[in-house]
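1. turn this into a structure:
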Amino acid sequence: MAHATDDHAAHGHHIIPIPTLLKVFGALVALTAITVGLSPFDLGMFEIPVALGLASAKATLVVMIFMALKYDNPVNMLTFSVGVLFVAIFLVFTLLDTAFRGDMDNVDRLTIEERERLNEQLQESDVDAEDLQVAPSDMQ
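-> Alright, predicted model coming up:
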């Protein structure tokens, strides 16, 4: 049983100093203030990346310091980093998909029903081939 107590003592909790916690808290408050301060401005195509960047910075601070991942087993840091990397990859592909919708040539602004109705109207208003004969060579 002495083995279990030695193992527990070797992997005890890391005590984070109060000044470090206060600095991180201040950074979180500052990042939140920046987020709120930027909300009225239209950043165009940078709106989502800026919001995600600020949120990622805040989440990283919380996980690293308040959840003590910085002082934990390096395998846990690797697991967290790989998870964040895959989430970032999936978000980039999703944002690329939604950002360029409607830019392709085969996309129509009309619905299928509107397109069919327009085709019916064009067929009803078709001019006879005889009315289009303007030159003697057109007539047979």
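
2. what pLDDT, on average, does stretch 84-96 get?
-> Mean per-residue pLDDT for stretch 84-96: 87.

3. an error on my part: the question was meant for stretch 17-28.
-> Mean per-residue pLDDT for stretch 17-28: 93.

4. please apply the same query to stretch 33-48.
-> 90.

5. and the end-to-end length of it?
-> 17 Å (C-alpha to C-alpha, to the nearest Å).

6. for the residue most central in space within the chain, what are its contacts?
-> The chain has Leu91 as the residue nearest its centroid, 4.1 Å off, counting by C-alpha atoms, centre = their mean. Residues in contact with Leu91 (C-beta atoms under 8 Å, 6 or more residues apart in numbering) are Leu52. Bear in mind the C-beta positions are built from the backbone N, C-alpha and C, glycine included.

7. how is the protein partitioned into domains?
-> Taking automatic domain parsing as the criterion, the chain consists of the domains 15-72, 73-122.

8. among those domains, which is the most enclosed?
-> domain 15-72 (a mean of 12; mean count of other C-beta atoms under 10 Å).

9. immediately after the helix or strand containing Ile48, which helix or strand?
-> Element membership for Ile48, per DSSP states H and E: helix 47-61. Counting by DSSP H and E, the next helix or strand C-terminal to helix 47-61 is helix 74-99.

10. the inter-axis angle of that following helix versus helix 47-61?
-> Following axes from the mean of the first three to the mean of the last three C-alpha atoms, to 10 degrees, one obtains 170 degrees for the angle between helix 74-99 and helix 47-61.

11. off-centre distance for helix 74-99?
-> 10 Å (C-alpha atoms, centre = their mean, to the nearest Å).
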